[in-house]
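1. Sequence first, predicted model second:
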Amino acid sequence: MLKAVIFDLDGLLIDSEPIAYGILQDMVKPYGGFINLEDYTANYLGRTVRTGMHTIATDYNIPVDEEELFKLYLKLEEERVTQGIPLK
């Protein structure tokens, strides 16, 4: 029986930000984009994925529906997570 669930929303147990940063880089690269760490921190860190997809679509002129970008992000995230996330 499940007795507890831990939500690591502040990066205490795992460092998920490098994964998110890498996914976003992979998403903009085919369109000639690059997100430097300063822009990532200012525009994506701490925001929802959907908000990030809107920002990417706008800032990098990606001709893909934001909902499709959202689905792509989730797919890429699942692939990376199943490869394992190092604990802090």
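-> Structure's in. What do you need?

2. Give me the packing partners of the one helix or strand A42 maps to, helices and strands only.
-> Using DSSP states H and E, A42 falls within helix 37-43. Here helix 37-43 touches helix 17-28, helix 49-59, going by 3 or more CB pairs under 8 Å, 6 or more residues apart in numbering; DSSP states H and E. Bear in mind the C-beta positions are built from the backbone N, C-alpha and C, glycine included.

3. Alpha carbons of the first one, in CSV - could you do that?
-> To tie it back to what came earlier, the one meant is helix 17-28. C-alpha atoms of helix 17-28 as CSV (Å, rounded to 0.1, in the frame of the first residue of the first chain):
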residue,chain,number,x,y,z
GLU,A,17,16.7,21.9,-14.5
PRO,A,18,19.6,20.6,-16.7
ILE,A,19,17.1,18.2,-18.2
ALA,A,20,14.6,20.9,-19.0
TYR,A,21,17.3,23.2,-20.3
GLY,A,22,18.6,20.4,-22.6
ILE,A,23,15.1,19.7,-23.9
LEU,A,24,14.5,23.3,-24.8
GLN,A,25,17.8,23.5,-26.5
ASP,A,26,16.9,20.4,-28.6
MET,A,27,13.6,22.0,-29.5
VAL,A,28,15.0,25.3,-30.8
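
4. centre of the chain versus that helix, how much separation?
-> How far helix 17-28 lies from its chain's middle: 5 Å, per CA atoms, centre = their mean, to the nearest Å.
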